[in-house]
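Novice: coords please:
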Amino acid sequence: MSIIKSLKKVRNELLRKIKYRKYSIGPGFSSGIRVRLWAKRKLVIGRNFYIGRDALVETDAIIGDNVMLGNRVAVIGKYDHNFQQVGTPIRHAVQMRDTDYDWKGSSLITIIENDVMVGHGSTIYGGVKIGEGSIVAATSLVTKDIEPYSIYAGSPAKKIKCRFDTKEDLHKHLELVQSKYFGIL
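Specialist: Residues are numbered from 1 along each chain as shown. Below you'll find the model as predicted:
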């Protein structure tokens, strides 16, 4: 193993075990530079997670195994500021990071299932579920749940096709990865 690879591995373990120790992050964590992770109550990340440079997760989330978030991907809360707080400019309104925040969205959890890829510059709103094996194309805005093994694109993101061309390929893949969707899809 090269020195560069060894240093990257050490850096990622330090991030996982020290900087982000209050979250549950599985082994195989890999992070680009200038990444931010923050959750008010819960952030669980599975094995072999990759998050690209300048990306962020700033909401409560459960992220599965073998997930890739590209560069500049944002997983954000849907209601981070109480913009309906009477008599208070939005800039000074109660926000999600405040301990007394109890407005909309305070209980939303974003779920990104196993084997998901989110392309460069995409934004995922809090409270959505991205189904297993899905792909979110670059620069998409995800505002609603995404079906498993589908490809979504656009703003707002819409389904453009299934990930696999044939049902046989999908079923073989589900069997090989021991998916919870085997027999359902």
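
Novice: Phi and psi next, for residue 117.
Specialist: Backbone torsions of residue 117, given as degrees, to the nearest 10, read phi -120, psi 130.

Novice: Which pLDDT value belongs to it?
Specialist: If you check residue 117, the pLDDT there is 98.

Novice: That one: how many residues sit nearby?
Specialist: As a burial measure, residue 117 scores 18 neighbours (other Cβ atoms under 10 Å). Where C-beta positions appear, they are placed from N, C-alpha and C, glycine not excepted.

Novice: just residue 30 next, same as before
Specialist: Count around residue 30 with other Cβ under 10 Å applied: 16.

Novice: For it, which non-adjacent residue is spatially closest?
Specialist: residue 50 (4.6 Å; Cβ to Cβ, 6 or more residues apart in numbering).

Novice: List the contacts of that neighbour.
Specialist: 30-31, 67-69 (Cβ atoms under 8 Å, 6 or more residues apart in numbering).

Novice: tell me what the longest helix anywhere in the chain is packed against?
Specialist: As assigned by DSSP state H, the longest helix anywhere in the chain is helix 3-14. The elements that helix 3-14 packs onto, with contact taken as 3 or more Cβ pairs under 8 Å, 6 or more residues apart in numbering; DSSP states H and E, are strand 30-31.

Novice: got the buried residues for the next helix-or-strand element following the strand it packs on?
Specialist: As assigned by DSSP states H and E, the chain's next helix or strand after strand 30-31 is strand 36-38. Neighbour counts over strand 36-38 (16 or more other Cβ atoms under 10 Å) mark 37-38 as buried.

Novice: same thing with stretch 173-185?
Specialist: Buried, per 16+ other Cβ under 10 Å, within stretch 173-185: 173-174, 177, 179, 181, 185.

Novice: between these, which is nearest residue 160?
Specialist: residue 185 (17.6 Å; Cβ to Cβ).

Novice: what about that closest one, distance to residue 163?
Specialist: Distance, residue 185 to residue 163, using Cβ to Cβ, to the nearest Å: 11 Å.

Novice: Common neighbours of those two, please.
Specialist: Contacts common to residue 185 and residue 163, judged by Cβ under 8 Å, 6+ apart, are 149, 170.

Novice: what's the nearest residue to residue 94 once chain neighbours are set aside sitting at in phi/psi?
Specialist: Distances taken as Cβ to Cβ, 6+ apart place residue 82 nearest to residue 94, at 4.7 Å, with adjacent residues excluded. When read as degrees, to the nearest 10, the backbone of residue 82 gives phi -80, psi 90.
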